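> got a sequence here, can you model it:
(chains A, B, C and D)
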There are 2 protein chains.
Amino acid sequence: MKLITKNTDYAIRALLFMAKKKDKMWTVLKLAKDLKIPKAFLRKIFQMLNKEKIIASYKGKNGGFKLTLQEDKILFIDLIKIFQGPINIVDCAVRTKLCPDMKKCILKGKLKKIENYIASELKSITIKSLLEK
Amino acid sequence: MKLITKNTDYAIRALLFMAKKKDKMWTVLKLAKDLKIPKAFLRKIFQMLNKEKIIASYKGKNGGFKLTLQEDKILFIDLIKIFQGPINIVDCAVRTKLCPDMKKCILKGKLKKIENYIASELKSITIKSLLEK
DNA sequence: CAAAATGATACAAATGTAGTATCATTTATA
DNA sequence: TATAAATGATACTACATTTGTATCATTTTG
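Residues are numbered from 1 along each chain as shown, chains lettered A, B, ... in the order given. As a prediction, the model looks like this:
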């Protein structure tokens, strides 16, 4: 059962790394080397983070990426959504007619409850919260 | 984000269906038709449920499968484990050196907490609980 | 103009999920 | 005792997703 894929994993690691020197500009090459992430893969990840405005890109020689959002505005759940789509464990789970009475379907209710819990916990995780202490 | 795969889904649907006439013997053919599940796929699923002693198999003509466990002993979490492996969102998630201090790694702690919650909720879902109003 | 960066995008490999097919074995019963 | 109807075991195929690679275009600095 996988909750987090590699691209989300790599993204948060890179963002945490960058957040330690907040206004510095980083190249993908440097980050890929330091964090041992495949360079071409990290480039693709950063292009997505750029489109989502979590980082800003600077083209050309001496270019690179910088954090744009405040550390407490970068939520783990948003990264998961970017790379893995919306959190929706109910619809893709058990379909019609499982429970005797659809309207009171206990399974859907339980799964929805789990989903809500996961979402609220993931919202509370931010780059800032991970760097504290 | 997928929490439940088809084989788990099909398994619980078939078990719920069987539980309505508890001591009856069912053939895969009958269940596959009624529940609109591919027959060969359901056979494979039932062979696994049989190995796990959730159902018993009877070979030969007029053979089939029967429930063996009590409805309240068939836990949703066990089905997930059988078909999707253990619930372990932490180890397969973010690896070493993400957090500044591994021992106090906030991310691991948070993920573990989510994992525990999911597990406890999934344990509380049983065939019995799904059948009662 | 060359070097060094990102932008866009196509491609490929590996893995996991979903489903099919086949032959062997068992059992009831005509 | 032969046959039909069931499961047991297992190999195979198809598809989707994840993970990663490669290449050419564009931008910017020096």
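> stretch A:107-118 near chain B anywhere?
Yes - applying Cβ under 8 Å from any Cβ of the partner chain, one finds stretch A:107-118 in contact with chain B at A:Leu107, A:Lys110, A:Leu111, A:Lys113, A:Ile114, A:Tyr117, A:Ile118. Every C-beta, even on glycine, is put in place using the N, C-alpha and C of the backbone.
> I'd assumed B:Glu121 was in contact with the fourth one.
Yep, that's A:Lys113 we're talking about. Yes - in this structure, A:Lys113 is within contact of B:Glu121 by Cβ atoms under 8 Å, at 6.8 Å.
> who's more crowded, the two?
Neighbour count, other Cβ atoms under 10 Å in any protein chain shown: between A:Lys113 and B:Glu121, B:Glu121 has more, with 16 against 13.
> quick one: the more buried one is in a strand?
No - B:Glu121 is assigned helix when assessed by DSSP: H, G, I helix; E, B strand; the rest coil, not a strand.
> what about the nearest residue to A:Lys123 once chain neighbours are set aside, how many residues nearby?
Distances taken as Cβ to Cβ, 6 or more residues apart in numbering or on different chains place A:Ile77 nearest to A:Lys123, at 4.9 Å, with adjacent residues excluded. A:Ile77 sits with 18 neighbouring residues when counted by other Cβ under 10 Å.
> isn't A:Ile77 up against A:Thr126?
No - applying Cβ under 8 Å, one finds A:Ile77 not in contact with A:Thr126, separated by 9.4 Å.
> tell me the pLDDT at whichever residue of chain A sits closest to DNA strand D?
Nearest to DNA strand D in chain A, going by Cβ to the nearest atom of the strand, is A:Gly60, at a distance of 1.9 Å. We have a pLDDT of 97 for A:Gly60.
> now do the helices in chain A.
A:6-19, A:28-35, A:39-51, A:76-84, A:106-123, A:127-131 (DSSP state H).
> quick check, central residue of chain A?
Nearest to the geometric centre of chain A sits A:Leu79, at 1.7 Å (Cα atoms, centre = their mean).
> my guess is that residue meets A:Thr5, correct?
No - using Cβ under 8 Å, A:Leu79 makes no contact with A:Thr5, being 10.4 Å away.
> just for chain A, where's the confidence low?
Across chain A, residues meeting the criterion (pLDDT under 70) sit at A:91-104, A:133.
> within range of DNA strand C, give me the residues from it.
Residues of chain A lying close to DNA strand C by Cβ under 7 Å from any atom of the strand are A:27-29, A:43-44, A:46-47, A:50-51, A:57-65.
> same thing but 10 Å
Neighbours of DNA strand C within chain A, by Cβ under 10 Å from any atom of the strand: A:1-2, A:25-32, A:39-44, A:46-51, A:55-65, A:92.
> hmm, which of those are the buried ones?
A:1, A:25-28, A:31-32, A:42, A:46, A:49, A:55, A:57, A:64-65 (16 or more other Cβ atoms under 10 Å in any protein chain shown).
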